[in-house]
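K.L.:
structure for this input, please:
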Amino acid sequence: MVDSSIIKVHQHGMRSREKKAKQGIGKTRGGWGTKIHAVVDGLGYPIEIKLTEGQINDCTQAIEILSKNNSGRVIADKGYDTNEIREYLRFANREAVIPNFERRLVKYEYDVYEYKERHLVENHFRRLKEWRRIATRYEKTLRMFQGMVVIGCLLIWIMF
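P.N.:
Numbering: from 1, shown residues only. Next up, the predicted model:
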């Protein structure tokens, strides 16, 4: 399962001497933020994590983070319904469990019952955001924030 979540940057995390783009901070509708892209397994444990600027679209990072594992099925929401992602999954012999975007002319079949398991990736983000330091980014540098996210993922593997 693949999804992403936006983390708002605290005002004290904005005061870095380097440019905001290098620190993974981007302008979104809700203010400045960082986006966590995650791939989780069938039990909701994190496999792959990537941090980007807040305004980066989900589907632009999907192929990169999905190429690092070899699952049989990929469950994602409508934000990942692009021709490029579907072609990549088809050539990799992986099944796409992605609902169709409303404006899509060619509709694809997907397993509705399998799609219901997508709540596991949402639960992963809920668990990750239980830690205040991750729910609101206080770190000035992307490297330090990424370290906090990795520690949070390790704790999820240990505790849940």
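K.L.:
surely residue 148 is in contact with residue 139?
P.N.:
Yes - if you go by C-beta atoms under 8 Å, residue 148 and residue 139 touch, sitting 6.5 Å apart. The C-beta positions use only the backbone N, C-alpha and C, and glycine is treated the same way.
K.L.:
quick check: neighbours shared by these two?
P.N.:
Any residue near both residue 148 and residue 139 by C-beta atoms under 8 Å, 6 or more residues apart in numbering counts here, and that gives residue 133.
K.L.:
more neighbours: these two, which one.
P.N.:
The neighbour comparison of residue 148 against residue 139 (other C-beta atoms under 10 Å) goes to residue 139, with 22 against 16.
K.L.:
give me the below-cutoff pLDDT ranges for the protein.
P.N.:
15-21 (pLDDT under 70).
K.L.:
for it, longest strand please?
P.N.:
Using DSSP state E to define each element, the chain has its longest strand at strand 31-40.
K.L.:
what are the contacting residues of that strand?
P.N.:
1-9, 14, 20, 24-26, 46-54, 56, 58, 61-62, 65-66, 68-69, 120-121, 124-125, 128, 137, 142, 145, 149.
K.L.:
same deal with stretch 109-127?
P.N.:
Stretch 109-127 has contacts (C-beta under 8 Å, 6+ apart) with 1-3, 5, 36, 38, 40, 42-46, 73, 75-77, 95-100, 156, 160.
K.L.:
which parts of the chain are strands?
P.N.:
Using DSSP E, strands in the chain cover 2-9, 26-28, 31-40, 46-53, 73-75, 95-97, 136-137.
K.L.:
adding mean neighbour count and distance to residue 86, write those strands out as CSV.
P.N.:
Supplementary listing: the strands of the chain in CSV, determined by neighbours: other C-beta atoms under 10 Å; distance: least, C-beta to C-beta, whole Å:
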stretch, mean neighbour count, distance to residue 86
strand 2-9, 22, 13
strand 26-28, 16, 27
strand 31-40, 21, 17
strand 46-53, 18, 20
strand 73-75, 21, 10
strand 95-97, 19, 6
strand 136-137, 22, 33
